[in-house]
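Student: The following comprises the amino acid sequence and a computationally predicted model.
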Amino acid sequence: MLSLAMTSDETVLDLRGLRCPQPVLRAKKALRAVAIGGTLVMECTDPLTVIDVPHFVRQTGHALAAQDRDGDVYIFRIVKQK
């Protein structure tokens, strides 16, 4: 199930159950709606996201502010740079 929750400076993208490359593709699309300096929070269950998301962030020029794990959920905080 995919859900998107927005607060004033943070957008949370629930990507649980999606397999790569879907989490990165959905993040790329969601970042279009995030203001520069805003944060996209990705919540993923695919273990490959620990490789794919940092690579995506480096490729696109955004900043990976945090990378955490809560049980089976991998949480990434991406700050939009441009």
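Tutor: All right, it came through fine.
Student: Doesn't residue 56 lie inside a helix?
Tutor: Yes - judged by DSSP: H, G, I helix; E, B strand; the rest coil, residue 56 forms part of a helix.
Student: immediately after the helix or strand of the chain at the bottom of the mean pLDDT ranking, which helix or strand?
Tutor: The helix or strand of the chain with the lowest confidence, counting by mean pLDDT, DSSP states H and E, is strand 3-6 at a mean of 53. Going down the chain from strand 3-6, the next helix or strand is strand 10-15, by DSSP states H and E.
Student: Buried residues in that next one, which are they?
Tutor: 11-15 (16 or more other CB atoms under 10 Å). Backbone N, C-alpha and C define where each C-beta goes, glycine included.
Student: for stretch 39-50, what is the average pLDDT?
Tutor: Averaged over stretch 39-50, pLDDT sits at 97.
Student: Can you measure across that stretch, start residue to end residue?
Tutor: Terminal residues of stretch 39-50 lie 18 Å apart, using CA to CA, to the nearest Å.
Student: Can you list the neighbours in contact with that stretch?
Tutor: 9-20, 23-24, 27, 30-31, 34, 53, 65, 67, 72-80 (CB atoms under 8 Å, 6 or more residues apart in numbering).
Student: again with stretch 19-30
Tutor: By CB under 8 Å, 6+ apart, stretch 19-30 touches 2, 4, 11, 13, 15, 18, 40, 42, 44, 46, 48-49, 52-53, 56, 60, 78.
Student: Any of the residues you listed buried? List them.
Tutor: Buried residues within the contacts of stretch 19-30, defined by neighbour count using 16+ other CB under 10 Å: 11, 13, 15, 18, 40, 42, 44, 46, 49, 52-53, 56, 78.
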